[in-house]
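J.: Next come a sequence and a model predicted from it.
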Amino acid sequence: MKYAARFLIIFFYTLPLFGWEPPPQIILKGILKTATRQRLTRYPDGTEKRWEEKSVVLISDEPITLSRGIFIGTREPLVQQESIEFVHVAFNEEFKSLLGKSVELHGYLIEPLADFYFVSDIRFHADTVIDLEWQKTHTPETVFYEPSITKLTGILYRKIFPGPPEYSSVENGDIPESSLILVLREPVNVELAEIEDEPFNQTEQGVREIQISFDQDPPEELWNQGITVVGTLYSAQTAHHRRRVLMTVQKWESAKSDVGVSSIQ
């Protein structure tokens, strides 16, 4: 006996039933929260294992309805619908500072690992997270990819990421890779400098952090005081790229209070 399951998501209006390839892009609005779920495994010998599972969820502004169709042989599909008040969210750590805020998510539903799953197994992968409260009083600057020369201001920090072979855990044997990240003073939108038929670079909204490469790193005492960098931007393309947008820095200087962002085409 074979079965298959599909989901659709309903908010504001109904979208047609879809499969997982390619993932349809969806926009959700709500508040990002940290959730804790109590988990329990009971073994045949009567012993139990209890633990807490923490995750990020979006408390949606509008009801979300998930509909599952189960197909058994040639019978009419069995359709189950369930409205939920929140959905589990996965996103890049670039957006961690937006926890607790009203946001707009751009992304897609993540296919659960199991063939048969519960609504609680559904995850939403957010490519972009936009701070709606901030945008009520601010307009993000627009900067441009290479070959434009861009100037950005922010705070630097270094982080160790797991590298090859699995890119998942240094503790489990992956090679540690060190990256410098620039936390921008204000988020920016990044656009193509030139119209391209098949662009290497991808337009991005609400970019909050950029991976930086220097010929020679600036003194660490300047990192938290603020630094202005000038260089060219390009999109992440490999597993070694830890943010959506990267910069090859041509020069840098200590930040001044009146320095913002700019792009020179």
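T.: Nice, thanks for sending it over.
J.: so Q237 is in which element?
T.: Q237 is part of no helix or strand when elements are defined by DSSP states H and E.
J.: can you pull the pLDDT of it?
T.: According to the model's per-residue confidence, Q237 sits at a pLDDT of 90.
J.: What is the burial count for it?
T.: The number of residues packed near Q237 is 11, by other C-beta atoms under 10 Å. C-betas here are computed from N, CA, C, even on glycine.
J.: ok, the residue lying closest to R243 once chain neighbours are set aside - contacts?
T.: Counting by C-beta to C-beta, 6 or more residues apart in numbering, R243 lies nearest to Q211, which is 4.3 Å off, once chain neighbours are set aside. The neighbourhood of Q211, defined by C-beta atoms under 8 Å, 6 or more residues apart in numbering, consists of 179-182, 236, 241-243, 245-247.
J.: most neighbours, which of those residues?
T.: With neighbours taken as other C-beta under 10 Å, the top of those is L182, carrying 26 neighbours.
J.: Correct me if wrong, but that one is in a strand.
T.: Yes: using DSSP: H, G, I helix; E, B strand; the rest coil, the secondary structure at L182 is a strand.
J.: so how far is L28 from it?
T.: L182 sits at a distance of 28 Å from L28 (criterion: C-beta to C-beta, to the nearest Å).
J.: hey, what's the residue nearest to R243 bridged with?
T.: I181, L246 (DSSP bridges).
J.: go on, L78?
T.: Listed by DSSP bridges, the beta-bridge partners for L78 are I70.
J.: Model confidence at it, what's the number?
T.: Taken from the predicted model, the pLDDT recorded for L78 is 81.
J.: Can you give me the distance of the spatially most central residue of the chain to V57?
T.: Within the chain, the residue whose C-alpha comes closest to the C-alpha centroid is F91; the distance, by C-alpha atoms, centre = their mean, is 3.2 Å. Distance check for F91 against V57: by C-beta to C-beta, it reads 12 Å.
J.: What ranges does this protein have for its helices?
T.: Counting by DSSP state H, the chain has helices at residues 132-135.
J.: sorry, back to before: bridge partners for the residue nearest to the centre of the chain, pull those for me.
T.: Note on F91: beta-bridge partners by DSSP bridges are A126.
J.: Looks like it contacts I130 (just checking).
T.: No: when contacts are counted by C-beta atoms under 8 Å, F91 is not listed as touching I130 (11.7 Å).
J.: Now list whatever residues contact both of these two.
T.: Shared between the contact lists of F91 and I130 (criterion: C-beta under 8 Å, 6+ apart) are residues L105.
J.: Pretty sure E133 sits against K101.
T.: Yes: under the criterion of C-beta under 8 Å, E133 is in contact with K101, at a separation of 6.0 Å.
J.: The two - which one has more neighbours?
T.: Ranked by neighbour count (other C-beta under 10 Å), E133 and K101 place K101 first, with 16 against 11.
J.: Now flag whichever of the contacts of Q211 is closest to V188.
T.: Minimum distance to V188 across the contacts of Q211 is 8.8 Å, recorded for V245 (C-beta to C-beta).
J.: so what pLDDT did that closest one get?
T.: Taken from the predicted model, the pLDDT recorded for V245 is 97.
J.: Which residues are in contact with it?
T.: Residues counted as contacts of V245 (C-beta under 8 Å, 6+ apart) are 190, 204, 207, 210-211, 233-236.
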